[in-house]
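1. Okay, here's the prediction I keep looking at, along with the sequence it came from:
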Amino acid sequence: MRILSGIQPSGRLHIGNYFGMMEPSIRLQDEGEAYYFIADYHALTSTHDPAALRENVRNLAIDFLACGLDPGKATFWRQSDVPEVTELAWILSCVTPMGLLERAVSYKDKVSQGLSPSHGLFAYPVLQAADILIFDSNVVPVGRDQKQHLEVTRDIAQKFNDRYGEGLLVIPEPRIREETAMVPGLDGRKMSKSYDNAIDLFEETEKKLRSKIMKIVTDSTPVEASKDPEESYIVQLYRLFATPDEVAEMEASFRAGGQGYGHYKQQLFEHVRDHFAPMRERREALLKDAAYIDDVLAEGAKKAHAQARRTMDRVRAAVGM
Ligand code: ADP
Ligand code: TRP
């Protein structure tokens, strides 16, 4: 089984990215051949400052390794080190109906948030399809917001196979875990760096982490009153970090009443802090080891490149080149 996923280096990572994409990817690296990459071509749709892009790539590499990506098990590289994906993206463009891209929710979302609609942004799902298809990927772990992009990928692969030959491209499956498919942000909407509602994976200080968590939106139920745990973003986040017993205890305490929301936020804060403590420690060490990061990405690029070339030989021959 080949597992593949990518993530854009477009700023600081948050716990939605962690539970939606990084943690499932890290878990899967023991179950098959894992391929994970930093999608810097994709980030060009929104990051136009070269120094920022470079820094974001490095920080993302450090954070992913700190969280447990094991370069001994997974191939880990920077997307732009395998430029064949852009060639495949062009070839796939020529089998992609305009209507498929016009329906893409993520494109419409980004434009409505004020991102200028470049051709790159519009064609983003085709490049993503190329990322996935060039590695003959079977399984793609992502958060729910990527579901449509995976459907587009499957459609494009099928169109290509219909035109040039069944079985030429492997049709991939998304792997979306129900419990972590949509991590809520401080305001209850999807946690996202674009909504200013994110808890960073590595907040600069404990104090900052705590004050973020204290900002989680709550209703005005009085301290003594019973509260509905199903309606609370605190509980939803707590479920990601606490044991089932701890969650049951918090839920019972919500129903019983007698505690203010601040009390529960403090419990959540302590769990988040402790959960990421070992990763924070590894990250401190990696921050000092620039050569190691370069080596990992160079080694990953070499392996990814070899695989991508093999697929491109097959694709070029199939289309008549
Ligand atoms: P953002 O919305 O902050 O820009 P990205 O779109 O860069 O995040 O997402 C990177 C990865 O993290 C994707 O696989 C996406 O599905 C996942 N992801 C992002 N936000 C969440 C969330 N709130 N819950 C679950 N997964 C998420
Ligand atoms: N579009 C994905 C995101 O915003 C990133 C991405 C690019 C990706 N190429 C991919 C994810 C291939 C999975 C597979 O998070």
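-> Now that the structure is in, tell me what you want to look at. Ligands and ions are numbered 1, 2, ... in the order given.
2. show me the contacts for the residue of the chain most remote from its centre.
-> For the chain, the largest distance from the centre (CA atoms, centre = their mean) belongs to residue 224, which lies 39.7 Å off. Residue 224 makes contact with 257-258, according to CB atoms under 8 Å, 6 or more residues apart in numbering. For every residue, glycine as well, the C-beta is placed using N, CA and C.
3. run the last query once more with 10 Å
-> When contacts are counted by CB atoms under 10 Å, 6 or more residues apart in numbering, residue 224 touches 257-260.
4. Up against ligand 2, what does this protein have?
-> 4-8, 39, 42, 128, 131-132, 140, 142, 146, 149 (CB under 6 Å from any ligand atom).
5. and those residues as TSV, adding secondary structure, pLDDT and neighbour count?
-> Below are the residues of the chain next to ligand 2 laid out as TSV (DSSP: H, G, I helix; E, B strand; the rest coil; pLDDT from 0 to 100; neighbours: other CB atoms under 10 Å):
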residue	secondary structure	pLDDT	neighbour count
4	strand	98	27
5	strand	98	25
6	strand	98	23
7	strand	97	21
8	coil	97	22
39	coil	98	24
42	helix	98	22
128	helix	98	24
131	helix	98	26
132	helix	98	28
140	strand	98	25
142	coil	94	21
146	helix	95	22
149	helix	97	20
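6. show me which of those residues neighbour ligand 1.
-> Contacts with ligand 1 are made by 7-8, 142, 146 out of the residues of the chain next to ligand 2, judged by CB under 6 Å from any ligand atom.
7. Where does the stretch 1-150 of the chain get nearest to ligand 2, residue-wise?
-> Of all residues in the stretch 1-150 of the chain, the one sitting closest to ligand 2 is residue 6 (3.4 Å; CB to the nearest ligand atom).
8. How many residues are close by whatever residue of the stretch 151-300 of the chain ends up closest to ligand 2?
-> Nearest residue of the stretch 151-300 of the chain to ligand 2: residue 153, at 7.9 Å (CB to the nearest ligand atom). Using other CB atoms under 10 Å, the number of residues around residue 153 comes to 26.
9. That one is in what secondary structure piece?
-> In this assignment (DSSP states H and E), residue 153 forms part of helix 147-164.
10. ok, residue 114 - contacts?
-> Per CB under 10 Å, 6+ apart, neighbours of residue 114: residue 194.
11. can I get the ones next to ligand 1 among the residues of the chain next to ligand 2 in JSON lines with distance to residue 207?
-> Output for those, formatted as JSON lines (distance: CB to CB, whole Å):
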{"residue": "7", "distance to residue 207": "28"}
{"residue": "8", "distance to residue 207": "29"}
{"residue": "142", "distance to residue 207": "32"}
{"residue": "146", "distance to residue 207": "33"}
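12. Could you find the closest non-adjacent residue to the residue of the stretch 101-250 of the chain found nearest ligand 1?
-> Using CB to the nearest ligand atom, the single residue of the stretch 101-250 of the chain nearest to ligand 1 is residue 143, 2.4 Å away. Nearest in space to residue 143, with sequence neighbours left out and distances taken as CB to CB, 6 or more residues apart in numbering, is residue 20 at 2.9 Å.
13. What of residue 78?
-> residue 38 (4.9 Å).
14. before we move on, what about residue 137?
-> Distance criterion CB to CB, 6+ apart; nearest residue to residue 137, sequence neighbours excluded, is residue 4 at 3.8 Å.
15. What residue spans form the domains of the chain?
-> The record's domain parsing of the chain by automatic domain parsing lists 2-183+290-319, 202-283.
16. Adding distance to residue 195, write those domains out as TSV.
-> Shown next, in TSV, are these (distance: least, CB to CB, whole Å):
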stretch	distance to residue 195
domain 2-183+290-319	9
domain 202-283	12
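17. Please identify the most buried of those domains.
-> Of the domains of the chain, the one with the most neighbours on average (mean count of other CB atoms under 10 Å) is domain 2-183+290-319, at a mean of 18.
18. quick one: terminal-to-terminal distance for that one?
-> End-to-end distance for domain 2-183+290-319: 25 Å, by CA to CA, to the nearest Å.
19. let's have the chain start at 41 instead
-> With the count now opening at 41, the last piece we talked about shows up as domain 42-223+330-359.
20. give me the element the closest residue to the residue of the stretch 191-340 of the chain closest to ligand 2 other than its chain neighbours is part of.
-> Leaving aside its sequence neighbours, residue 193 sits nearest to residue 169 (CB to CB, 6+ apart; 4.1 Å). Assessed by DSSP H and E, residue 169 sits inside helix 159-173.
21. quick check, distance from that helix to the centre of its chain.
-> 16 Å (CA atoms, centre = their mean, to the nearest Å).
22. re the thing from before, next up, the contacts around the residue of the stretch 141-290 of the chain closest to ligand 1.
-> Contact analysis of residue 183 by CB under 10 Å, 6+ apart lists 56-57, 59-61, 64, 214, 216-217, 220-223, 230-232.
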